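S.K.: build the 3D model from these lines:
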Amino acid sequence: MTAERRAALRALLDGVDALLVTDLVNVRYLTGFTGSNAALLVHADGDAASRFCTDGRYTTQAAREVPDLDTVVDRGSALALARQAHGWGVRTLGFESGHVTVDGHTALDEAAEGVALARAPGLVEQLRQVKDATELATLRTACAVADAALADLVAAGGLAPGRTEREVALDLENRMRGHGAEGVSFETILAAGRHSAIPHHSPTDAELRRGDLVKLDFGALVGGYHSDMTRTVVLGPAAGWQRELYALVASAQQAGCEALSPGADVVAVDAASRGVVEDAGHGDEFPHGLGHGVGLQIHEAPWLGRNSSGTLAAGTAVTVEPGVYLEGRGGVRIEDTLVVRDGAPELLTLTTKELLEIG
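M.R.: Alright, predicted model coming up:
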């Protein structure tokens, strides 16, 4: 599978003999390598002319994870490949200008004697937007782990007055690990009562109380891939204003999901959801974009927002997560991870979106 990805990357190379890949996420995508130091030279002439580089700590791991490429062992990784590029027939070397610092570029330029450097931003990220079958299977597993953990938490009475936000967040994270997650996608957002009106609230020692809106934004990390889901519940019977707010966000979320299709403009997808909120008079209380791509990174292209650009492609995994936040009272966000398909999108996060009144 990684060889196919490298072949797809070669088709994007324009005016360069090779691309020097230095971002570790992109290296992992193209090779499967999971260590902390590596670089990859993808040669236009094929894998036989390409080189992978890591340091001596990872020789055994590299042999296991990257068996199909010749490996250079050098602590300098990127500089080592740049230094040897001329001898491999490279005269113009593309580099990931979106990830290389000014000082890093200077070092590369000095190392790549006899080789011209050329900016080549975003090529691997372009490929990563459309997930292959292996990636989608891993994302489904990650989302299923998160679904199961939340179901366990609710069934065990873990969302109850008197528990703190920190306690509930840790409980949920441990349950994800218990279901097979290697870690969490990001720090869990567990926001109760007035805190639910803070879009990205960090859990505190504040106790959950009866009548609170409780917002849970969390995800499981499985095989390097991230799930992302938000659900908002009420502890006890919901008040009228909470029901109305929840119904509004649910309608906006449905509109956003229904707007996902191959070729759809990302601004138009955001507008489909945002328009529902604006028509209800709460446009100012929806302060963030509608969603983002998800995969080897929790936030990656494409971006669904008013100031974004581009269109969606079949096989792209994205979140749809409108929220309305009433300062001092509470907020609601509902988020799913979905895959763009011909026809209706594929829903990966399957926890109910009915308003849960717990306790």
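
S.K.: can you get me a residue count around the closest residue to Ser227 other than its chain neighbours?
M.R.: Excluding the flanking residues, the one nearest Ser227 by Cβ to Cβ, 6 or more residues apart in numbering is Ala142, at 3.8 Å. Using the backbone N, CA and C atoms, a C-beta is placed for each residue, glycine as well. Ala142 sits with 30 neighbouring residues when counted by other Cβ atoms under 10 Å.

S.K.: try Ile298
M.R.: Neighbours of Ile298 (other Cβ under 10 Å): 18.

S.K.: can you check the one 3 residues further on too?
M.R.: Look at Ala301: counted by other Cβ under 10 Å, it has 18 neighbours.

S.K.: quick one on the thing from earlier: host element of the residue nearest to Ser227?
M.R.: helix 133-155 (DSSP states H and E).

S.K.: equivalent analysis for Phe52, please.
M.R.: Going by DSSP H and E, Phe52 is in strand 51-54.

S.K.: ok, now Val100?
M.R.: Going by DSSP H and E, Val100 is not in any helix or strand.

S.K.: contact partners for the nearest residue to it once chain neighbours are set aside?
M.R.: Counting by Cβ to Cβ, 6+ apart, Thr22 is the residue found nearest to Val100 once chain neighbours are left out, at 6.4 Å. Thr22 makes contact with Ala39, Ser77, Ala78, Phe95, Glu96, His99, Val100, Gly104 under the criterion Cβ atoms under 8 Å, 6 or more residues apart in numbering.

S.K.: hmm, back to that, so how far is the helix holding Ala142 from its chain's centroid?
M.R.: Distance of helix 133-155 from its chain centroid, counting by Cα atoms, centre = their mean, to the nearest Å, is 15 Å.

S.K.: other SSEs contacting the strand holding Phe52?
M.R.: The helices and strands touching strand 51-54, judged by 3 or more Cβ pairs under 8 Å, 6 or more residues apart in numbering; DSSP states H and E, are strand 38-43, helix 59-65, strand 70-73, helix 78-84.

S.K.: Serialize the ones you listed to TSV and add fields for mean neighbour count, mean pLDDT and distance to Val124.
M.R.: As requested, those are exported to TSV (neighbours: other Cβ atoms under 10 Å; pLDDT from 0 to 100; distance: least, Cβ to Cβ, whole Å):
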stretch	mean neighbour count	mean pLDDT	distance to Val124
strand 38-43	26	98	9
helix 59-65	14	98	17
strand 70-73	16	98	20
helix 78-84	22	98	15
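
S.K.: can I get stretch 48-59 in PDB? Just the C-alpha atoms.
M.R.: This file holds the C-alpha atoms of stretch 48-59, laid out as PDB (Å, rounded to 0.1, in the frame of the first residue of the first chain):
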ATOM      1  CA  ALA A  48      14.800   1.500  -6.700                       C
ATOM      2  CA  ALA A  49      16.300   5.000  -6.800                       C
ATOM      3  CA  SER A  50      14.600   6.300  -3.700                       C
ATOM      4  CA  ARG A  51      16.100   6.200  -0.200                       C
ATOM      5  CA  PHE A  52      14.800   6.100   3.400                       C
ATOM      6  CA  CYS A  53      17.000   7.400   6.200                       C
ATOM      7  CA  THR A  54      16.800   7.100  10.000                       C
ATOM      8  CA  ASP A  55      19.400   6.800  12.800                       C
ATOM      9  CA  GLY A  56      20.900   3.800  14.500                       C
ATOM     10  CA  ARG A  57      18.200   3.500  17.100                       C
ATOM     11  CA  TYR A  58      15.700   2.400  14.500                       C
ATOM     12  CA  THR A  59      17.600   0.000  12.300                       C
END
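
S.K.: gap between Ala191 and Ala169?
M.R.: 10 Å (Cβ to Cβ, to the nearest Å).

S.K.: returning to what we had before: ok, residues contacting the helix holding Ala142?
M.R.: Against helix 133-155 from outside (Cβ under 8 Å, 6+ apart): 1, 131, 158-159, 168, 171-172, 175-176, 178-181, 185, 216, 218-227, 229, 231, 294-295, 315, 317, 337, 339, 348-351, 356, 358.

S.K.: could you point out which of the helices and strands packed on strand 51-54 sits nearest Tyr325?
M.R.: strand 38-43 (41.1 Å; Cβ to Cβ).

S.K.: so what strands line up beside that closest one?
M.R.: Strand 38-43 pairs in its sheet with strand 18-21 (antiparallel), strand 51-54 (antiparallel), by DSSP bridges.

S.K.: centre of the chain to that strand, how far?
M.R.: With Cα atoms, centre = their mean, you get 23 Å for strand 38-43.

S.K.: mind listing residues that contact that strand?
M.R.: When contacts are defined by Cβ under 8 Å, 6+ apart, strand 38-43 is touched by residues 6, 9-10, 13, 17-22, 24, 27, 30-31, 49-54, 58, 62, 69, 77-78, 80-81, 85, 88-90, 93.

S.K.: buried subset of those as a ChimeraX selection?
M.R.: Here is the ChimeraX command that selects the buried residues among these (16 or more other Cβ atoms under 10 Å):
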select :6,9,10,13,17,18,19,20,21,22,24,27,30,31,49,50,51,52,53,54,58,62,69,77,78,80,81,85,88,90,93
